[in-house]
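Peer 1: coords please:
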Amino acid sequence: MSEKKTVFWYEFAGMFFIIILGSMLHFTFELAVNESVWEHLKLGFWPTLLYLIFEYRYLYKRTNNFFFAKAICICAIMLIIPTIFYSYTIFIEENLIIDISSFIFAIIIGQLFSYKLLTFRKLSDRLSLVSLVSIVVLAIAFVVFTFYPPQITLFQDPITGDYGIINHSH
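Peer 2: Residues are numbered from 1 along each chain as shown. Take a look at the predicted model:
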């Protein structure tokens, strides 16, 4: 099998892994902080990060731009989900089917970007370093903002009006 096909199948499998694990995480209510858009972004981020760690072993040396590809994948997911959510909720009430579809769409687009960048010509090593640092900073932000979220709509639970975990009661 060619390298491009191998990478394609890893990214294709990643779509299913991320979608399934992200969906399972959504239904672990005991672990949920709240129903904010920020918390829903975690459903895409953490499974993608876990799959990144798995793929690193098999693809890092066989591909180009590994950390850049993964950072762009994560950025795509984090941009698509809230863009769709805030766009459609201007016109209609929140809709679970649209939310789930946007999650799946975001994962597919993110993984496709990842595939394209992994099989693209080698880019700058600095770009890889900046990308790796960005992923780490984002992981830290997901943890810190769980406890100390900014008081903006992205972090507000639409059901309770609360922010973060400190004021949240299960």
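Peer 1: from here on, contacts and neighbour counts on C-alpha atoms
Peer 2: Will do.
Peer 1: This protein: helices as residue ranges?
Peer 2: Counting by DSSP state H, the chain has helices at residues 3-26, 37-59, 66-88, 96-118, 125-147.
Peer 1: With mean neighbour count, distance to residue 159 and mean pLDDT as new columns, can those be given to me in a markdown table?
Peer 2: Listed next are the helices of the chain as a markdown table, based on neighbours: other C-alpha atoms under 10 Å; distance: least, C-alpha to C-alpha, whole Å; pLDDT from 0 to 100:
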| stretch | mean neighbour count | distance to residue 159 | mean pLDDT |
| --- | --- | --- | --- |
| helix 3-26 | 17 | 16 | 94 |
| helix 37-59 | 18 | 12 | 95 |
| helix 66-88 | 20 | 16 | 97 |
| helix 96-118 | 20 | 15 | 96 |
| helix 125-147 | 15 | 17 | 95 |
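Peer 1: among the ones you listed, which is nearest residue 163?
Peer 2: Proximity to residue 163 (C-alpha to C-alpha) singles out helix 125-147 among those, at 8.3 Å.
Peer 1: got the angle for that closest one vs helix 37-59?
Peer 2: Note on geometry: by axes from the mean of the first three to the mean of the last three C-alpha atoms, to 10 degrees, helix 125-147 and helix 37-59 are set 140 degrees apart in direction.
Peer 1: Helix 66-88 and helix 125-147, what's the angle between them?
Peer 2: 50 degrees.
Peer 1: Which other helices and strands does helix 125-147 contact?
Peer 2: helix 66-88 (3 or more C-alpha pairs under 8 Å, 6 or more residues apart in numbering; DSSP states H and E).
Peer 1: which helices and strands does the helix it packs on pack with?
Peer 2: helix 37-59, helix 96-118, helix 125-147.
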